[in-house]
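A.B. asks: Here is my input; please provide its structure:
(chains A, B, C and D)
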There are 2 protein chains.
Amino acid sequence: MEIRDEGSLIEAMARSIGTGLPPMAGRMWAYLIICEPPEQTAAEIADRLQASRGSVSSMARLLEHAGLIRRGTRPGDRRERFSVSADVVENVMAPRIHQLRAARQTLDAGLELLADRPPGSRERLQSLRDMYAFFETEWPSTMERLRNSRARESPKERKDVTR
Amino acid sequence: MEIRDEGSLIEAMARSIGTGLPPMAGRMWAYLIICEPPEQTAAEIADRLQASRGSVSSMARLLEHAGLIRRGTRPGDRRERFSVSADVVENVMAPRIHQLRAARQTLDAGLELLADRPPGSRERLQSLRDMYAFFETEWPSTMERLRNSRARESPKERKDVTR
DNA sequence: CGTCACTTTCAGTATTGACTGAAATGTGCG
DNA sequence: CGCACATTTCAGTCAATACTGAAAGTGACG
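C.D. replies: Below is the predicted model of the structure:
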């Protein structure tokens, strides 16, 4: 996985998000992280990624819905500008808790369903459930530690309290 | 996502692993967790999941390579038996560290590549990199805590030290 | 209200990837 | 060795999904 230029970087970043988003959504997100200026029009994005306008439009909807990007307009300019939402990190990680919860709930339902089965299979299922439950309860404090470490690493950000 | 019977449980569990495995691999893994006896032949699996023998064969290779299942034979029986590996939990979670590392490395390469860009884009990239780095360093101790909580919840397992 | 500049929608196409099944290959036993 | 049974491989089919582009929609401005 060679990173030779901006293009290959975008591809690699897009793959690294991993979630079930279409490739083009990943590329768009990646580009919005490294572009300058941080706000880009649909036309600029479509041009840079060699994608159709239609594709940019629907990927934008997807990413916005996932909380990964924002859209904005300027007075005297009808075009929309897209940018990664201010709290990239939070928004990339926040959804994980839902996946954990969903998995744990599925396994709870499974345990109930298999209540009268021999203990072997129930134990395997139980240990898996316990694992998800563990991460589910750990998650909030992990996120808290992440926030702290971020605050520590870039203290100058603390001045940005205008909004 | 109703869990009404074993079939729907298998589907739901299969989806909950989430990793980029083909659906049939997920189903096979799920079935091996809840089946009785825990060892199953390819024929039994194919039959239960309504899959072709060929599919079972290739999914088995995939899952084995991912460390999620084991294969074994018995004297006087040519058929192979598949089962989830003893340490299901470890094997489900272990690969995560590689993903984190790969993502962080990609972003490091990106930072190097964009060294002479305006600070805005570099900062966005940096904060993402720091996030992955955070999880990367946290991971070992999290796994350690998981192991402790497992030992606590099922102390009777501690007797199983025959191997 | 018509036009311009843009955005969204969506039917159709292309691409990807999963799955099947038949043929090839392997394995142990008499 | 050769047979019986099991497994793997892989070319071909099918299904799911991503993407395109043309048409419809939107709204600001003269």
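A.B. asks: what lines up beside the top strand by length along chain A in the sheet?
C.D. replies: The residue-count maximum for a strand in chain A (DSSP state E) belongs to strand A:77-84. Its sheet considered, strand A:77-84 pairs with strand A:40-41 (antiparallel), strand A:69-74 (antiparallel) by DSSP bridges.
A.B. asks: Go through those and pick out the most buried.
C.D. replies: Among these, ranked by average contacts under mean count of other CB atoms under 10 Å in any protein chain shown, first place goes to strand A:40-41 (a mean of 18). (C-beta placed from N, C-alpha, C; glycine too.)
A.B. asks: That one and DNA strand D in contact?
C.D. replies: No - Strand A:40-41 lies apart from DNA strand D when judged by CB under 7 Å from any atom of the strand; the minimum separation is 14.1 Å.
A.B. asks: Outside of that strand itself, list whatever touches it.
C.D. replies: Here strand A:40-41 makes contact (CB atoms under 8 Å, 6 or more residues apart in numbering or on different chains) with A:Tyr31, A:Leu32, A:Arg48, A:Arg79, A:Glu80, A:Arg81, A:Phe82, A:Ser83.
A.B. asks: go on, stretch A:55-64?
C.D. replies: Stretch A:55-64 is contacted from outside by A:21-22, A:24-25, A:28-29, A:42, A:45-46, A:49, A:51, A:69-71, A:82, using CB under 8 Å, 6+ apart.
A.B. asks: again, but for stretch A:9-23
C.D. replies: Contact partners of stretch A:9-23, identified using CB under 8 Å, 6+ apart, comprise A:1, A:3, A:26-27, A:29-31, A:33-34, A:49, A:59, A:62-63, A:66, A:92, A:95, B:20, B:99, B:102-103, B:106-107, B:109-110, B:113-114.
A.B. asks: contacts with DNA strand C among those, please.
C.D. replies: Filtering those for neighbours of DNA strand C using CB under 7 Å from any atom of the strand leaves B:Gly20.
A.B. asks: Which ones among the contacts of stretch A:9-23 lie within helices?
C.D. replies: Per DSSP state H, helices hold the following members of these: A:26-27, A:29-31, A:33-34, A:49, A:59, A:62-63, A:92, B:99, B:102-103, B:106-107, B:109-110, B:113.
A.B. asks: If any of the residues you listed are buried, give me the PyMOL selection for them.
C.D. replies: What follows is the PyMOL syntax selecting those of those that are buried according to 16 or more other CB atoms under 10 Å in any protein chain shown:
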select buried, (chain A and resi 26+27+29+30+31+33+34+49+59+62+63+92) or (chain B and resi 102+103+106+107+109+110+113)
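A.B. asks: Name the residue of chain A with the shortest distance to DNA strand D.
C.D. replies: Residue of chain A nearest DNA strand D, by CB to the nearest atom of the strand: A:Gly54 (2.1 Å).
A.B. asks: And for that residue, the neighbour number?
C.D. replies: The number of residues packed near A:Gly54 is 9, by other CB atoms under 10 Å in any protein chain shown.
A.B. asks: Just the buried positions in the longest helix belonging to chain A, please.
C.D. replies: For chain A, the helix with the greatest residue count under DSSP H is helix A:119-153. Neighbour-count burial for helix A:119-153, counted by 16+ other CB under 10 Å, picks out A:121-122, A:124-136, A:138-139, A:142-143, A:146, A:150.
A.B. asks: Before I go, just wanted to say thanks for your time.
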